[in-house]
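K.L.:
What shape does this take:
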Amino acid sequence: MSSQLPPGPIGLTSVETLALGAVREACLIARSLAATIQTTPVVRKADDSPVTVADFAVQCWIARCLTATEIPLIGEESAEALAAAGPEMLESVHAALPAGLRPRHPNELLLWLNRASQVRSAPGGCWWLLDPIDGTKGFLRGGQYAICLALVREGTPVFGLLGCPALPQSGIPLGNIGQPAGVLLLGHRSSGAWQSSLSEAAAWRAIQCSDSGSIGAKIRICESRDLRHAWRGLLDRSLERLGVSAAPVRIDSQCKYALVARGDAEVYARLPRDPSYVEKTWDHAAGAVIAQAAGARVSDLDGLPLDFSRGVALVGRGLLVASPRWHTALLDALRNAG
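P.N.:
As a prediction, the model looks like this:
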């Protein structure tokens, strides 16, 4: 379901408007880099996950923009990591930023990143949570990725932005579906969720999660491509209990939250195989508030609300995002199939 909103901002505060502009520009930075990713440097973290020029450039840009809000920022990347990546990476990040707004010397970018990297635990009151490129592997393979920014108050995300430069305006992305790609999603915990295209800044439409389908129908389900977050046997057994025959769609990033929020999928399940795995708050905050604002239920696998109060570490075991019609039934099926 959707309804057209009047042109222009949708009653945003000045802080929210600033954040929206920062994410929109960050999407353009990332999209430009995606076109030349084969010629730009990539480094590896200790867990062997990749970090690209886009990860650093987007965080630098958003950290700079949000300085004006005077709200602490917790971001995934750090000045130490950028410095350790070497001069080629630093120069590439500097060149990726808007020409008239980049600092005079690349080393100044380390100061921009320091604003986020110095805050790793919840500072109290409110703070920003940023994943500059969620789904870096998807970014590298030409698939789905997202720029994810959320405002957290007293441990609860209340405002979220997802910039999805490769996501079509509707439908589940399955190869080239012939639609212009690139959307922004925005959610207020108490007032709703909206989407606009990257190319039409003023054209917002309200979005809602799907309320169609009955237990046993061919509902649409999405899950991670990463096997650390996709216990596929457990999900398959649970779906079989409910008579669901549709195979889950596997895509990268918080775009999965977007698909549930706008009614293109009924379920997003994240089932970690390793019970010691600790989720990161920046991997979920923006998507969670948008999905909830669109009417979906978001919980861990014990049915408890996600706890964002501890800064980087997300409290909770696994994740289930689903339209209300499906959430309880699938949660019970997962418990019984475990």
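K.L.:
Name the next helix or strand downstream of the longest helix out of those in the chain, please.
P.N.:
Ranked by residue count, the top helix of the chain under DSSP state H comes out as helix 14-34. As assigned by DSSP states H and E, the chain's next helix or strand after helix 14-34 is strand 42-44.
K.L.:
pLDDT of the next helix or strand after that following strand, averaged?
P.N.:
For strand 42-44, the following helix or strand on the C-terminal side (DSSP H and E) is strand 50-52. Mean per-residue pLDDT for strand 50-52: 94.
K.L.:
Could you check the angle the longest strand seen in the chain makes with helix 14-34?
P.N.:
Counting by DSSP state E, the longest strand found in the chain is strand 156-168. Going by axes from the mean of the first three to the mean of the last three Cα atoms, to 10 degrees, strand 156-168 is angled at 30 degrees with respect to helix 14-34.
K.L.:
mind checking how far strand 156-168 is from the chain centre?
P.N.:
6 Å (Cα atoms, centre = their mean, to the nearest Å).
K.L.:
strand partners of that strand, parallel vs antiparallel please.
P.N.:
Taking DSSP bridges as the criterion, strand 156-168 forms sheet pairs with strand 146-153 (antiparallel), strand 181-188 (antiparallel).
K.L.:
for these, which one sits closest to W128?
P.N.:
strand 146-153 (6.0 Å; Cβ to Cβ). C-beta coordinates here come from the backbone N, C-alpha and C atoms, glycine included.
K.L.:
Just give me how far the closest one sits from the chain centre.
P.N.:
With Cα atoms, centre = their mean, you get 8 Å for strand 146-153.
K.L.:
Would you mark the buried spots in that strand?
P.N.:
Using 16 or more other Cβ atoms under 10 Å as the test for burial, strand 146-153 gives 146-152.
K.L.:
Could you measure from V42 over to L198?
P.N.:
For V42, the distance to L198 equals 24 Å [Cβ to Cβ, to the nearest Å].
K.L.:
Looking at those two, which one has more neighbours?
P.N.:
Under the neighbour definition other Cβ atoms under 10 Å, V42 and L198 were set side by side, and L198 has more, 19 against 16.
K.L.:
Could you find the closest non-adjacent residue to that one?
P.N.:
Spatial nearest neighbour of L198, excluding adjacent residues (Cβ to Cβ, 6 or more residues apart in numbering): G182 at 3.6 Å.
K.L.:
Now do the strands in the stretch 201-338 of the chain.
P.N.:
205-207, 221-223, 249-250, 267-270, 297-299, 319-322 (DSSP state E, counting those that start in this stretch).
K.L.:
Would you format the ones you listed as a markdown table with mean neighbour count and mean pLDDT included?
P.N.:
Formatted as a markdown table, the strands of the stretch 201-338 of the chain follow (neighbours: other Cβ atoms under 10 Å; pLDDT from 0 to 100):
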| stretch | mean neighbour count | mean pLDDT |
| --- | --- | --- |
| strand 205-207 | 19 | 94 |
| strand 221-223 | 22 | 86 |
| strand 249-250 | 16 | 86 |
| strand 267-270 | 26 | 92 |
| strand 297-299 | 20 | 96 |
| strand 319-322 | 26 | 94 |
